[in-house]
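Participant: Pasted the sequence and its predicted model underneath.
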Amino acid sequence: MDIISVKNLVKKFEDVTAVDNISFTVKKGEIFAFLGPNGAGKTTTIHILTTLLKPTEGTAIVAGHDVREDSAEIRKRIGIVFQDSSLDRELTAYENMYIHGKIYNVDGRDLRKRIEDLLKFVELGKFKNKVVKNFSGGMIRRLEIARALLHRPEILFLDEPTLGLDPQTRAHIWEYIKNMKEEHEMTIFLTTHYMDEAEQLAERIGIIDHGKIIAEGSPEELKKRIGKDVIYLRFSDKTENCMETELVKNCKILPDGRMELGVENAAEALPRIFEAAMKKGQKIMEVSYHSPTLNDVFLYLTGRAIREERGNKLDVMKNRRKRWGR
């Protein structure tokens, strides 16, 4: 059963198309990730699905309700952890939770019990009376997750949930996310530009770039697009022609001049590849190979690594708004 259904969604800001005619579905109870660089359209999509932005074109149905027409009903059914913290830093952890519960009409003893249980769940029980401005980045993120769960949403949206956190804290957040799915049987929609995060958490991934979904599937399905192994070759002279042997599943010349080969078995394919290069008079200067990663998939689909991507015009506009707000 699909709990999110998006069809031909478009969002434009002035002359910038942030989301460009995308369609996808999210099944009830799964963890779905949007993976892509800064400026790819991830946050804009979440803002539409959580009714913070109106789409320019297309439709989006969330928990059975249209984002254009039923925003109030959708907001009752979702929880959100924004990319930037929205906690009141002058209040305690408990006070932030309490106010959120009141907004969602959770009252009395039930509210107090939920707060206590959730703070314990994210290991912040002993810090409940501590003012948030004294929290570390990881503690703030955990508190935001607890707050988003307070009204027991059907869908939890996490926008770059571990951005800027150290590796150990990121790993802890991943565990909380996995536990939330298991214990609360909720649907989780997250955005990230961390390959390992998408691979660790998501059952299905949509790779998004320049506002378009360029691939979708499970981590294993996406990596199988390349092959079981990936070989990178650098030649002494520039070459524009791909290697052709029966063991090469696919081949691509990368912008940096390297040749990327997808093969079933690198150990078996390499001798044939060296033999083919010698016959053509090509001298191989560098060779490396490994099992494919999601970064290899992104590199294969776009011609660049995800970490090489810098912010686009839309990011510049967003950053300016943040500075003006401060």
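Facilitator: Received the coordinates, thanks.

Participant: mind listing what the closest residue to residue 195 other than its chain neighbours touches?
Facilitator: The shortest distance from residue 195 to any non-neighbouring residue, by C-beta to C-beta, 6 or more residues apart in numbering, is to residue 294 (4.4 Å). Backbone N, C-alpha and C define where each C-beta goes, glycine included. Contact analysis of residue 294 by C-beta atoms under 8 Å, 6 or more residues apart in numbering lists 35, 195, 198-199, 205, 207, 219, 222-223.

Participant: can you check residue 190 too?
Facilitator: The contact partners of residue 190, by C-beta under 8 Å, 6+ apart, come to 31-34, 157-159, 161, 177, 197, 201-202.

Participant: For it, give its distance to residue 174.
Facilitator: According to C-beta to C-beta, to the nearest Å, residue 190 and residue 174 sit 10 Å apart.

Participant: what's the overlap in contacts for those two?
Facilitator: Counting by C-beta under 8 Å, 6+ apart, the residues touching both residue 190 and residue 174 are 197, 201.

Participant: Regarding this structure, what is its longest helix?
Facilitator: helix 167-184 (DSSP state H).

Participant: Can you pull out the low-pLDDT segments for the protein?
Facilitator: Scanning the chain with the threshold set as pLDDT under 70 gives 307-326.

Participant: which residues in it form strands?
Facilitator: 2-13, 16-27, 31-35, 57-62, 65-66, 78-81, 155-159, 187-192, 204-209, 212-217, 229-235, 248-253, 259-263, 284-290 (DSSP state E).

Participant: As JSON lines, the contacts of residue 190 with neighbour count and distance to residue 279 would be great.
Facilitator: Below are the contacts of residue 190 laid out as JSON lines (neighbours: other C-beta atoms under 10 Å; distance: C-beta to C-beta, whole Å):
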{"residue": "31", "neighbour count": "23", "distance to residue 279": "48"}
{"residue": "32", "neighbour count": "22", "distance to residue 279": "47"}
{"residue": "33", "neighbour count": "26", "distance to residue 279": "44"}
{"residue": "34", "neighbour count": "26", "distance to residue 279": "44"}
{"residue": "157", "neighbour count": "24", "distance to residue 279": "55"}
{"residue": "158", "neighbour count": "27", "distance to residue 279": "52"}
{"residue": "159", "neighbour count": "21", "distance to residue 279": "52"}
{"residue": "161", "neighbour count": "26", "distance to residue 279": "51"}
{"residue": "177", "neighbour count": "22", "distance to residue 279": "51"}
{"residue": "197", "neighbour count": "24", "distance to residue 279": "43"}
{"residue": "201", "neighbour count": "24", "distance to residue 279": "46"}
{"residue": "202", "neighbour count": "23", "distance to residue 279": "43"}
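
Participant: between the residues you listed, which is nearest residue 77?
Facilitator: Relative to residue 77, the closest of these is residue 157; by C-beta to C-beta it sits at 11.1 Å.

Participant: so the closest one sits right up against residue 49, yeah?
Facilitator: Yes: if you go by C-beta atoms under 8 Å, residue 157 and residue 49 touch, sitting 6.8 Å apart.

Participant: overlap in contacts of those two?
Facilitator: residue 189.

Participant: Residue 168: how many residues sit nearby?
Facilitator: 8 (other C-beta atoms under 10 Å).

Participant: Give me the distance between it and residue 272.
Facilitator: Counting by C-beta to C-beta, the gap from residue 168 to residue 272 is 44 Å.

Participant: one step back: hmm, which of the contacts of residue 294 are the buried ones?
Facilitator: Among the contacts of residue 294, those classed as buried by 16 or more other C-beta atoms under 10 Å are 35, 195, 198-199, 205, 207, 219, 222-223.

Participant: Export those residues as JSON lines, with columns for distance to residue 113.
Facilitator: Listed next are the buried ones among the contacts of residue 294 as JSON lines, based on distance: C-beta to C-beta, whole Å:
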{"residue": "35", "distance to residue 113": "37"}
{"residue": "195", "distance to residue 113": "39"}
{"residue": "198", "distance to residue 113": "34"}
{"residue": "199", "distance to residue 113": "36"}
{"residue": "205", "distance to residue 113": "36"}
{"residue": "207", "distance to residue 113": "41"}
{"residue": "219", "distance to residue 113": "37"}
{"residue": "222", "distance to residue 113": "42"}
{"residue": "223", "distance to residue 113": "44"}
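
Participant: related to what we said a few turns ago, okay if I get the contacts of residue 190 as a markdown table plus distance to residue 301?
Facilitator: A markdown table is the format used below for those (distance: C-beta to C-beta, whole Å):
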| residue | distance to residue 301 |
| --- | --- |
| 31 | 22 |
| 32 | 19 |
| 33 | 16 |
| 34 | 15 |
| 157 | 25 |
| 158 | 24 |
| 159 | 23 |
| 161 | 24 |
| 177 | 26 |
| 197 | 19 |
| 201 | 21 |
| 202 | 17 |
